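Enquirer: dropping a prediction and its sequence here:
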Amino acid sequence: MKIFKTLLCTLIIGLICTVTSFAQGHNNMSKEDSILYSQMRKVYNAMVFQDVFNNNALVDINNVPKDTPVLIMYFNPDCGHCRIDAAKLREVVPRYGIPFWMISFADLNEMNKFAQEFRIKGIPGLMYLRDSLRQMHSWFKFRYVPFFALIDKRGNLIKEFERLPSPEELEEILRTNSFIEMYNSQH
């Protein structure tokens, strides 16, 4: 019951913050920025996950470091493509230079078996999270897994990927992305 109340309060506060942030940011934008903003999707600020490797501690958008975006991988332990990408994570995640959140709605036992099989625990920069409320799927409405999304501290979606990006591809996107420049200049 305590977790339910915490989640409910977090959802309500997140919704209020999202509406307030949108209204404040939208009023101060130029017409061009306003159009650009309307084309962006935001991650729902009250989306909450459980940190599997940290006693299921709650993690939300506020846990994104303010000076760097986060690359999210939504996966299913039974997915063949997810398994292929998981085998690459020990090599690529430390090279990204940004946090990497690996998220699934799967049962904790399945997630733990998957993590053990692919030696996920201990990869620098990787958080292993459970989406017990299946919020990511309903928010992004993706049709396949693995699903990759790059987001910033304010929940702005920077880019979706159809596959695990290479460190070089990610570096180029971060270096040239106009969404990051626009939001860094406003805040």
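Expert: Thanks, I have it.
Enquirer: where does the protein dip in pLDDT?
Expert: 1-46, 178-187 (pLDDT under 70).
Enquirer: so which residues of it form strands?
Expert: Counting by DSSP state E, the segments of the chain that form strands are 49-51, 57-59, 70-74, 100-104, 126-130, 147-151, 157-161.
Enquirer: now distance to residue 112 and mean neighbour count too, for the ones you listed, in CSV please.
Expert: The way it works is simple: take the backbone N, C-alpha and C, and place the C-beta from them, glycine included. Below are the strands of the chain laid out as CSV (distance: least, Cβ to Cβ, whole Å; neighbours: other Cβ atoms under 10 Å):
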stretch, distance to residue 112, mean neighbour count
strand 49-51, 12, 21
strand 57-59, 16, 15
strand 70-74, 17, 24
strand 100-104, 11, 24
strand 126-130, 9, 21
strand 147-151, 21, 21
strand 157-161, 26, 17
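Enquirer: possible to save the ones you listed as JSON lines with distance to residue 80?
Expert: Formatted as JSON lines, the entries for the strands of the chain read as follows, by distance: least, Cβ to Cβ, whole Å:
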{"stretch": "strand 49-51", "distance to residue 80": "24"}
{"stretch": "strand 57-59", "distance to residue 80": "27"}
{"stretch": "strand 70-74", "distance to residue 80": "15"}
{"stretch": "strand 100-104", "distance to residue 80": "15"}
{"stretch": "strand 126-130", "distance to residue 80": "20"}
{"stretch": "strand 147-151", "distance to residue 80": "15"}
{"stretch": "strand 157-161", "distance to residue 80": "18"}
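Enquirer: residues in contact with the most centrally placed residue in the chain?
Expert: Centrality entry for the chain: nearest residue to the mean C-alpha point is residue 72, 4.0 Å, by Cα atoms, centre = their mean. In this structure, residue 72 makes contact with 100-103, 136, 147-151, judged by Cβ atoms under 8 Å, 6 or more residues apart in numbering.
Enquirer: now do residue 49
Expert: For residue 49, the set of contacting residues under the criterion of Cβ under 8 Å, 6+ apart consists of 58-60, 101, 103, 129-132.
Enquirer: what is the most widely separated pair among the residues you listed?
Expert: Pairwise distances among the contacts of residue 49 were taken by Cβ to Cβ; the largest, 14.8 Å, belongs to 101 and 132.
Enquirer: tell me where the protein has helices.
Expert: Listed in chain order, the helices found in the chain under DSSP state H are 2-27, 31-39, 80-86, 89-96, 108-117, 135-140, 167-176, 178-186.
Enquirer: quick one: contacts of the fourth one?
Expert: When you say that, I think you mean helix 89-96. Looking at what lies outside helix 89-96 - Cβ under 8 Å, 6+ apart - the contacts are 71, 100, 102, 118-120, 123-126, 164, 166-167, 170.
Enquirer: same list (the contacts of residue 72) but as a markdown table, adding distance to residue 54.
Expert: What follows is the contacts of residue 72, written out as a markdown table (distance: Cβ to Cβ, whole Å):
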| residue | distance to residue 54 |
| --- | --- |
| 100 | 15 |
| 101 | 13 |
| 102 | 13 |
| 103 | 14 |
| 136 | 19 |
| 147 | 23 |
| 148 | 23 |
| 149 | 22 |
| 150 | 23 |
| 151 | 20 |
